[in-house]
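[1] What follows is a predicted structure for the sequence shown.
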Amino acid sequence: MAKRIFAFVIVIFVMFWCAESAPGIHVVEMEICTDPNAQRNPDIEDNFIVWQDNRNGDWDIYAYDLKRHAEYAICTADGNQTNPSVGFGNILYEPIIAWQDDRNGNNDIYGYKLIDPYYDLAIGTEIEICTDPCDQQNPVSMGNYVCWQDCRNGNWDIYGKSYENAMEPNEFVICDDSSDQINPAADWYYVAWQDNRGGDWDIYGFDLDDQNEVAVCTEDGNQTNPSCSGPIGFAWQDDRNGGEDIYGLLCTDIICSGYAEVGVCTAPGTQINTSLSIEAVVWQDDRNGTWDIYGYKIDNIYFGQEFIVSAGAGDQVRPATYVYDSVVWQDSRNGNDDIYAAYLCLRGNDNCGECAIELFDGQPYFGSTQDMSVTHIDTPTGYEWLTSTCGFNDFVDTWHIYQPAVGGPVTITTEGSSIDTILAVFNSCYSQHPDYQPPIELACNDDYCLENAGSKVTLDAVKGKTYYVRVSGFNNQTGEYRIVVKRGAATDPIKSDLNGNGKVDLFDFSIFASEWLMSDTE
């Protein structure tokens, strides 16, 4: 993926009017923490969700691991710990949870660094990131870097600290212009903030790799509360039209050779607190009279699809999103502030767990692997792509789940598909923590007979057990497929049934005669 976000900028302006929720996108919502006390200001990275929590009488930092399904108290020190941020960096650096902390009488930046190779939140150490006598606020963690706003020079500046050399962390200045710089956001090697050097609030950015600053947006009015997603670009709230809208500066192509300014949502009402990921922008929106969470799937800079993340009772505020498919927010539906999250199924059943589409006995499902992605599984050193043992180069996939109502043999088949499918069944689609045991393949088939590119597997299914069914294409073929589950064991194809229609007829004789005439047989 390109990393030169500031090297070449083409500015085009594209306006999106907020549309109705998009077909084909569904959202799988879940409770993260509904303790009777207040939980606020969540953040998410990979499988970790963090927030500030006052269950102990003051603000502390708590976290939840989506894969271990476990909650952790990260910091319950004296004073208030607020505004947490979690970042992974990459596999070379330990994840760091950073937060704002007033235990010393002013606001400092503290953190919690994971030291477990399997990323167990219970195994880590607290670190002082910055305890300068003046205030440090609003930290953002990237794992290998932590950034924050800092008043040591008499105004607000943006500082950072590098943990790329874990033995000698290095603090540095990102921007110390004589005006104020506040509300930093960061991802990968990119930092953004709101800046009033021009007399109103604008968005500026900095490439930590190239050490290059850029003015992201200096339009009339105020641009505030930026979000950043690596080389993909930036998003922010913008009042140039009189109210608060959502704008962005996003890639114009897959290699990010240029960027275009985009009016993501300019609908009536107020849109604030945006968060940008690789494929979507999410924000807080009051068009319905209360605060809801809306999103916009970025198909490209000219076209996209708006969808509702959460519009339930109470207010849903302060969303944060991660990469392709996860968003977390603060939610008052239960009468106090809780933490909720959702998986965003932006590509249908591309996700192997929460977005998998259920199969039912005897009911064919017609799907497509077009525009789908690969499935990653965790390893102790990072990620691996999941493939099938019976396939060849079959990285792109879609997923289904099957839960038999009764036990006994079942047959799953992709007969009638338009591509050469590979069909595999797994016991799960994630590595099993804490020791990263990979998913176990229970059955796999490429072509169930030479004359048919469809796939067919038979299982002795256990009642109520969840089976994860993976559909991919031979040599990464993509296209439409048909899949169906049938009770009972599969029967071997009739050897003389050359066209695979289940019977021997004149069509099979025609195929035989044609192939015989074309052969070298004398």
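    Yep, it's here. Numbering: from 1, shown residues only.
[2] which stretches of the stretch 251-400 of the chain form strands?
    Listed in chain order, the strands of the stretch 251-400 of the chain (DSSP state E, counting those that start in this stretch) span 259-265, 271-276, 280-285, 292-298, 304-310, 316-322, 326-331, 338-345, 357-359, 365-368, 376-379, 382-385, 397-402.
[3] got JSON lines for those, with distance to Pro438 too?
    The way it works is simple: take the backbone N, C-alpha and C, and place the C-beta from them, glycine included. Formatted as JSON lines, the entries for those read as follows, by distance: least, Cβ to Cβ, whole Å:
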{"stretch": "strand 259-265", "distance to Pro438": "39"}
{"stretch": "strand 271-276", "distance to Pro438": "31"}
{"stretch": "strand 280-285", "distance to Pro438": "29"}
{"stretch": "strand 292-298", "distance to Pro438": "30"}
{"stretch": "strand 304-310", "distance to Pro438": "31"}
{"stretch": "strand 316-322", "distance to Pro438": "23"}
{"stretch": "strand 326-331", "distance to Pro438": "22"}
{"stretch": "strand 338-345", "distance to Pro438": "21"}
{"stretch": "strand 357-359", "distance to Pro438": "23"}
{"stretch": "strand 365-368", "distance to Pro438": "25"}
{"stretch": "strand 376-379", "distance to Pro438": "6"}
{"stretch": "strand 382-385", "distance to Pro438": "8"}
{"stretch": "strand 397-402", "distance to Pro438": "15"}
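[4] okay, the ones you listed, which one's buried deepest?
    strand 280-285 (a mean of 28; mean count of other Cβ atoms under 10 Å).
[5] circling back: tabulate the strands of the stretch 251-400 of the chain (TSV), appending distance to Ser418 and mean pLDDT.
    Rendered in TSV, the data for the strands of the stretch 251-400 of the chain read as follows (distance: least, Cβ to Cβ, whole Å; pLDDT from 0 to 100):
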stretch	distance to Ser418	mean pLDDT
strand 259-265	35	93
strand 271-276	36	97
strand 280-285	29	96
strand 292-298	25	94
strand 304-310	25	91
strand 316-322	34	96
strand 326-331	32	96
strand 338-345	23	95
strand 357-359	18	94
strand 365-368	9	94
strand 376-379	27	75
strand 382-385	24	75
strand 397-402	14	95
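[6] Can you pull out the residues in contact with stretch 361-373?
    By Cβ atoms under 8 Å, 6 or more residues apart in numbering, the residues outside stretch 361-373 that reach it are 324, 347-350, 357, 359, 396-398, 400, 404-405, 410, 416, 419, 471-473, 477-487.
[7] CA atoms only: put it into PDB for me.
    What follows is stretch 361-373 as a C-alpha-only set of coordinates in PDB (Å, rounded to 0.1, in the frame of the first residue of the first chain):
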ATOM      1  CA  ASP A 361     -31.300 -27.200   4.700                       C
ATOM      2  CA  GLY A 362     -32.500 -27.400   1.200                       C
ATOM      3  CA  GLN A 363     -32.400 -23.600   0.600                       C
ATOM      4  CA  PRO A 364     -30.000 -22.500  -2.100                       C
ATOM      5  CA  TYR A 365     -28.000 -19.300  -1.600                       C
ATOM      6  CA  PHE A 366     -26.700 -17.400  -4.600                       C
ATOM      7  CA  GLY A 367     -23.700 -15.300  -3.900                       C
ATOM      8  CA  SER A 368     -20.500 -13.800  -5.400                       C
ATOM      9  CA  THR A 369     -16.900 -13.700  -4.500                       C
ATOM     10  CA  GLN A 370     -16.400 -10.600  -6.700                       C
ATOM     11  CA  ASP A 371     -14.700  -7.700  -4.800                       C
ATOM     12  CA  MET A 372     -14.200  -9.800  -1.700                       C
ATOM     13  CA  SER A 373     -10.900  -9.900   0.200                       C
END
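[8] next one: that stretch to chain centre, how far?
    Between the centre of stretch 361-373 and the centre of its host chain there is 22 Å, according to Cα atoms, centre = their mean, to the nearest Å.
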